[in-house]
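Enquirer: Could you look at this predicted model? Sequence included:
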Amino acid sequence: MVALDVGMPAPGFCLPDKDNTEICLNTFSGRWLVVYFYPKDNTPGCTTEAKSFNEELEAFSHLNAEIIGISADSCQSHAKFAGTHGLKIILLSDESHTVIEKYEAWQPKKILGRELLGIVRTTYLIGPDGHIREVWSPVKVTGHVEIVKKRLEELQASSE
């Protein structure tokens, strides 16, 4: 299997959101898309990351970009997570790990000295043409949203 990299087409997907409405990648054709994979709703790092993206939602919108968070949590868990923290970003459920695996975010991780498979925090910046423009993996939560926004601005400036 070829690793996903900059310049490659982003793998297509359709997944349910917090309201159990199917959202597909091709819905966003012609727009920039930030797709980030995170381990678990309502955990400290994942909550910080989601709230950080949510706080910058308007700035990303001005850059013609949508933000999608994907985890293996259920739609019901996403609804509770979004409600608790006032999240407006799109949260998609991939309980089967199909999309998480396609995007190479399902990887061996060391947890308490044991190696287990799990979601490695990963972000993809997808261009309006559906191609991957940037990949961050593994992601450090602190400052990550600003890094993504800055890179989006650079890519947009270089394509003008």
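Expert: That came in fine, so what should we check first?

Enquirer: So residue 34 belongs to a strand, correct?
Expert: Yes - judged by DSSP: H, G, I helix; E, B strand; the rest coil, residue 34 forms part of a strand.

Enquirer: And for it, the neighbour number?
Expert: Neighbouring residues of residue 34 were enumerated by other CB atoms under 10 Å; the total is 24. (Each C-beta comes from the backbone N, C-alpha and C, glycine too.)

Enquirer: switch to numbering from 732
Expert: Sure, I'll start numbering at 732, so the last one becomes residue 765.

Enquirer: if I read this right, it contacts residue 784, doesn't it?
Expert: Yes - judged on CB atoms under 8 Å, residue 765 makes contact with residue 784 at a distance of 7.3 Å.

Enquirer: what do the two both touch?
Expert: 791, 798 (CB atoms under 8 Å, 6 or more residues apart in numbering).

Enquirer: Torsion angles phi and psi at residue 838?
Expert: Here is the backbone geometry of residue 838 (degrees, to the nearest 10): phi -140, psi 160.

Enquirer: Name whatever forms a beta bridge with it.
Expert: residue 849 (DSSP bridges).

Enquirer: which one's the longest helix in this protein?
Expert: helix 875-889 (DSSP state H).

Enquirer: Residues contacting that helix, please?
Expert: 763, 765, 780, 783-784, 786-787, 790-791, 794, 796, 854, 856, 858, 864-865, 867.

Enquirer: Would you list the buried entries among these?
Expert: 763, 765, 780, 783-784, 787, 791, 794, 796, 854, 856, 858, 864-865, 867 (16 or more other CB atoms under 10 Å).

Enquirer: Filter those residues down to the ones in helices?
Expert: 780, 783, 784, 791.

Enquirer: Just name the closest of these to residue 757, please.
Expert: Lowest distance from residue 757 to those (CB to CB) belongs to residue 791, with 19.4 Å.

Enquirer: Let me see the contact set for the closest residue in space to that closest one that isn't next to it in sequence.
Expert: Leaving aside its sequence neighbours, residue 791 sits nearest to residue 798 (CB to CB, 6 or more residues apart in numbering; 5.8 Å). The contact partners of residue 798, by CB under 8 Å, 6+ apart, come to 764, 765, 767, 784, 788, 791, 820, 821.
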